[in-house]
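Asker: Build me a model:
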Amino acid sequence: MSLSTARKAVDLAIGLTPPGETLEFAFFGGEPLLRFELLKEVIQYIRSKENDIGISVRLSITTNGTLLTKTVIDLVKSENIDLCVSMDGPPHIHDRNRCYADKRGSAEIVLKNLEIVAEQLDYFQVNAVYGPDTVSFLPETVRFFIDLNV
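Answerer: Sure, this is the predicted structure:
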């Protein structure tokens, strides 16, 4: 998405939001952190509009967790963005469907980044996606996240 298209989408959403209401923008799908510089520009544009017209805006980012960095976490904190990390459970579950193009699983890096997020943020969410081949692992996955203190 270009910055121009993103600005048009923001303007449309703001134009349709009644005064006094809260507007929510959620960045997800694909991987929003692949275009981090664009994401920052869109957030800056949203914040400038929010101040100009006096509406309240909530922002959220859902990420697969592979590209989380201190810079990303700093943005999340400074802009009060809700963060959701997609992780489907322990590595043997997560890596069934969340692999790099070369077929390597992503669980190891996501776990490392989840630990950093847990240290840096007071609140974040974890999103576990299930299908027919993984739903039977739900109790193990819940225990896994409890043991991680997330």
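Asker: Pretty sure residue 17 sits against residue 23.
Answerer: Yes - Residue 17 lies in contact with residue 23 (C-beta atoms under 8 Å); the separation is 4.6 Å. Backbone N, C-alpha and C define where each C-beta goes, glycine included.
Asker: Now the common contact residues for these two.
Answerer: Counting by C-beta atoms under 8 Å, 6 or more residues apart in numbering, the common neighbours of residue 17 and residue 23 are residue 55.
Asker: give the contact list for residue 49.
Answerer: Going by C-beta under 8 Å, 6+ apart, residue 49 touches 10-11, 14.
Asker: before we move on, which element is it in?
Answerer: Using DSSP states H and E, residue 49 maps to helix 36-53.
Asker: list the buried ones in that helix?
Answerer: 39, 42-43, 46, 49-50 (16 or more other C-beta atoms under 10 Å).
Asker: Can you add pLDDT and give those residues back as CSV?
Answerer: Below are these laid out as CSV (pLDDT from 0 to 100):
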residue, pLDDT
39, 98
42, 98
43, 97
46, 96
49, 90
50, 86
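Asker: Out of the contacts of residue 49, who's the most crowded?
Answerer: Tallying neighbours with other C-beta atoms under 10 Å puts residue 10 at the head of those, with 20 neighbours.
Asker: Spell out which residues sit in contact with that residue, please.
Answerer: 25, 42, 45-46, 49.
Asker: Repeat that for residue 47.
Answerer: Contacts for residue 47 (C-beta under 8 Å, 6+ apart) come out as 57, 79.
Asker: so what's it scoring on pLDDT?
Answerer: pLDDT, residue 47: 94.
Asker: same deal with residue 18?
Answerer: 87.
Asker: To what extent is it buried, counted in neighbours?
Answerer: Residues within reach of residue 18, counting by other C-beta under 10 Å, total 7.
Asker: Tell me which residues of the helix or strand that contains residue 23 come out buried.
Answerer: Assigned by DSSP H and E, residue 23 belongs to strand 22-27. Buried residues in strand 22-27, counting neighbours by 16+ other C-beta under 10 Å, are found at 23, 25, 27.
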